[in-house]
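[1] Here is my input; please provide its structure:
(one chain, ligands or ions: 2)
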Amino acid sequence: MMDKTELLFPDAAGLDRAVALLRQGALVAFPTETVYGLGGDARSDLAVARVFAAKGRPRFNPLIVHVPDVAAARLLAVFDGRAEAVAARFWPGPLTLVLPLREAGLSELVTAGLGSVAIRVPAHPVAQGLLRTFGGPMAAPSANPSGRVSPTRAAHVLEGLGGRIAAVLEGGSCAVGVESTIVGLLDRAELLRPGGVTVEALEAVLGPLALGGSAEKPNAPGQLASHYAPTAAVRLDARDVRAGEVRLGFGPGECDLNLSETGDLVEAAANLFHLLREADRRAAGRGIAVAPVPDLGLGRAINDRLRRAAAPRG
Ligand code: TXA
Ligand code: MG
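    Numbers count the residues shown, from 1 in each chain. Ligands and ions are numbered 1, 2, ... in the order given. Below is the predicted model of the structure:
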């Protein structure tokens, strides 16, 4: 427990300060194009243990390792032809690949002792600047307490983790707004979590994706049934209005908050977590009613997160 979390501006001095903290095994939250990540040195057991402790995350979940480019990724994992093809097409960007682990000095806490590793190359310039200045792999789950709504602004990080982590790099609002798509390439190509790269775009490169994982045997934390949960109860596919509910709309029509007035799924994804927080604040114990969102393209990632927000709390 520390009493103050530093808010760092992402200029050279801010990046140097962030790297000095990371080298001490401290935690620094940073912006990516998907959500803010809670970064720690992926080679340090102590730093990775601190990530789990700060989030209050169940231990059975391995963490995503962030690197600046595919060359750095190849040091950590074994790339086959499929991995090279999707990496060339979608990195840097909102895609995470689960690949066979190389022995490369990662903390066993990062991989949870599995023979595989989840790797992501973020596109956000602040994430890129941090990774290049740090010069090593960074473990980074979303920078929120486990089970709560993911942060898409530095202020969200401070709300959830202020006082529990060393610093946050300021990077404005995250453009994509939902986490990366996770694809397993250990055997069959498997979709482990829908996210910022659409299934349609991935299948154009990989062919049909199998559905991997389940709520009973989670291998990505987004697969726990209740996740991304606001405090208020969430009702999905709401076509009517019930007394007292805060209405979260999509497309034209009356509502309290709108994911996208024009029905644009990209805009809706970018707004999702911020508006869930705002709806939760306004609900003050009452419910949140969410309008239907089409289940295609980024809509799949949005509906996946909404179903978890609405799931019975464990
Ligand atoms: O967009 C994102 O992916 C964000 C930003 C910060 O990069 N990160 C993120 O990390 O969402 P996280 O930890 O909240 O969710 C990713 C999950 C891991 O927690 C884990 O369960 C899964 O990816 N994962 C990691 N290693 C894995 C492995 N070897 N096999 C299967 N799943 C794995
Ligand atoms: Mg998360």
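
[2] rest of the way, CA atoms for contacts and neighbours
    Fine.

[3] Could you tell me the per-residue confidence at the most centrally placed residue in the chain?
    Centroid check for the chain by C-alpha atoms, centre = their mean gives Glu179 as the closest residue, at 3.5 Å. Per-residue pLDDT puts Glu179 at 96.

[4] what do you get for Gly244?
    For Gly244, the model assigns a pLDDT of 88.

[5] Run through the residues that contact it.
    Applying C-alpha atoms under 8 Å, 6 or more residues apart in numbering to Gly244 gives the contacts Arg286, Gly287.

[6] Look up which residues are beta-bridged to Asn258.
    Gly249 (DSSP bridges).

[7] Determine the number of other residues adjacent to it.
    22 (other C-alpha atoms under 10 Å).

[8] And for Leu192?
    Counted with other C-alpha under 10 Å, Leu192 comes out at 25.

[9] would it count as being in a helix?
    No. Assessed with DSSP: H, G, I helix; E, B strand; the rest coil, Leu192 is strand; it does not lie in a helix.

[10] How about Ala268: what's its closest non-neighbour residue?
    Leaving aside its sequence neighbours, Ala268 sits nearest to Leu259 (C-alpha to C-alpha, 6 or more residues apart in numbering; 4.5 Å).

[11] re earlier: does the residue nearest to the centre of the chain count as helix, strand or coil?
    Going by three-state DSSP: Glu179 is coil.

[12] And the residue nearest to Ala268, how far from Glu84?
    The gap separating Leu259 from Glu84 is 35 Å, by C-alpha to C-alpha, to the nearest Å.

[13] Looking at those two, which is more packed in?
    The neighbour comparison of Leu259 against Glu84 (other C-alpha under 10 Å) goes to Leu259, with 26 against 13.

[14] ok now do the more buried one, which residues does it touch?
    Taking C-alpha under 8 Å, 6+ apart as the test, what Leu259 contacts is Leu248, Gly249, Phe250, Gly251, Glu267, Ala268, Ala269, Asn271, Leu272, Leu275.

[15] Repeat the analysis, applying 6 Å as the threshold.
    With contact set as C-alpha atoms under 6 Å, 6 or more residues apart in numbering, Leu259 has these partners: Gly249, Phe250, Ala268, Asn271.

[16] what's the spacing between it and ligand 1?
    Distance of Leu259 to ligand 1, given as C-alpha to the nearest ligand atom, to the nearest Å: 19 Å.
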